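Enquirer: quick check, what structure comes out for this input:
(chains A and B)
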Amino acid sequence: DQQVKQNSPSLSVQEGRISILNCDYTNSMFDYFLWYKKYPAEGPTFLISISSIKDKNEDGRFTVFLNKSAKHLSLHIVPSQPGDSAVYFCAASANLTPLVFGKGTRLSVIA
Amino acid sequence: DTAVSQTPKYLVTQMGNDKSIKCEQNLGHDTMYWYKQDSKKFLKIMFSYNNKELIINETVPNRFSPKSPDKAHLNLHINSLELGDSAVYFCASSLGTGPAVVYGYTFGSGTRLTVV
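Expert: Numbering: from 1, shown residues only, chains lettered A, B, ... in the order given. Below is the predicted model:
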């Protein structure tokens, strides 16, 4: 059973535009949510996180939004750059349990 | 360089063999993990190890066993390898669990295991 779902396997965006990556979850006990970025042949790299007590966290070009009632979070990248092309994983943690990951969304930023 | 390093990067082996993957972190983290990324691209937790407490994902076959000689190392031993074990295995570490998770895990670059 997938507790963290990324229903879009891929997304293409033009350079300079906004990229929006979505993530849904089913476990209401999740209290931290994270986004990871992964390049081929490398491990996932931590990008940004948000606590369940917040609804927005911003770090430079990256903003994560959390809608607890809808059990939905999204990652906004603006402006998108070609170097942002990677697979993005949504992850969540409940209390002390290890991170649960989604399947990932492949973002392609087209110059 | 501070990092999580795992070796080997690639491992091709025959069914029935026993193999090990090594993982070392020099970040001073006290919790380490093994994740498996299968052909469907899911990253699934296999084990977490914190101060000698091992938490096992109950779906992991007992042919898989983690060994931690010290806080900086968490090796993965696999006995009697099967075709279905082919996957990319990632080691990761974190500064404890709970609220520290907000700082994220640091992952190694992965070991691609191919069982033939």
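Enquirer: quick check: residues of chain A near chain B?
Expert: Proximity of chain A to chain B, by C-beta under 8 Å from any C-beta of the partner chain, involves residues A:32, A:34, A:36, A:41-46, A:49, A:51, A:87, A:89, A:93, A:95-101, A:103-104. Any C-beta I mention is one placed from the backbone N, CA and C, and that applies to glycine too.
Enquirer: each with direction, which strands does the strand or helix carrying A:Arg106 pair with?
Expert: Applying DSSP states H and E as the criterion places A:Arg106 in strand A:105-110. Sheet pairing for strand A:105-110, assigned by DSSP bridges, gives strand A:10-14 (parallel), strand A:86-93 (antiparallel).
Enquirer: name the residues that touch it?
Expert: Residues outside strand A:105-110 that contact it (C-beta atoms under 8 Å, 6 or more residues apart in numbering or on different chains) are A:6, A:8-15, A:19, A:21-22, A:77, A:80-88.
Enquirer: how far does that strand sit from its chain's centre?
Expert: 13 Å (C-alpha atoms, centre = their mean, to the nearest Å).
Enquirer: so for that strand, what gets flagged as buried?
Expert: A:Thr105, A:Arg106, A:Leu107, A:Val109 (16 or more other C-beta atoms under 10 Å in any protein chain shown).
Enquirer: leaving out chain neighbours, which residue sits closest to the most centrally placed residue in chain B?
Expert: Geometric centre of chain B, nearest residue: B:Trp34, 2.6 Å, by C-alpha atoms, centre = their mean. For B:Trp34, ignoring the flanking residues on the chain, the nearest one in space by C-beta to C-beta, 6 or more residues apart in numbering or on different chains is B:Met46 at 4.4 Å.
Enquirer: for A:Tyr88, see how far away the one you found is.
Expert: 22 Å (C-beta to C-beta, to the nearest Å).
Enquirer: give me the more crowded residue out of those two.
Expert: A direct count of neighbours by other C-beta atoms under 10 Å in any protein chain shown for B:Met46 and A:Tyr88 places A:Tyr88 higher, at 23 against 19.
Enquirer: for that one, list the residues it contacts.
Expert: A:Tyr88 touches A:Gln6, A:Leu21, A:Trp35, A:Tyr36, A:Lys37, A:Lys38, A:Leu47, A:Leu75, A:Gly104, A:Thr105, A:Arg106, A:Leu107, counting by C-beta under 8 Å, 6+ apart.
Enquirer: at 10 Å instead, please
Expert: Contacts for A:Tyr88 were tallied using C-beta atoms under 10 Å, 6 or more residues apart in numbering or on different chains; they are A:6, A:11, A:19, A:21, A:23, A:35-38, A:44, A:47, A:75, A:77, A:102, A:104-107.
Enquirer: so which of these belong to strands?
Expert: A:11, A:19, A:21, A:23, A:35-38, A:47, A:75, A:77, A:105-107 (DSSP state E).
Enquirer: neighbours of A:Phe62, how many?
Expert: When neighbours are counted by other C-beta under 10 Å, A:Phe62 comes out with 17.
Enquirer: pLDDT score for the nearest residue to it once chain neighbours are set aside?
Expert: In this structure, A:Phe62 finds its nearest non-sequential neighbour in A:Ile48, 5.0 Å apart by C-beta to C-beta, 6+ apart. Note for A:Ile48: predicted pLDDT of 95.
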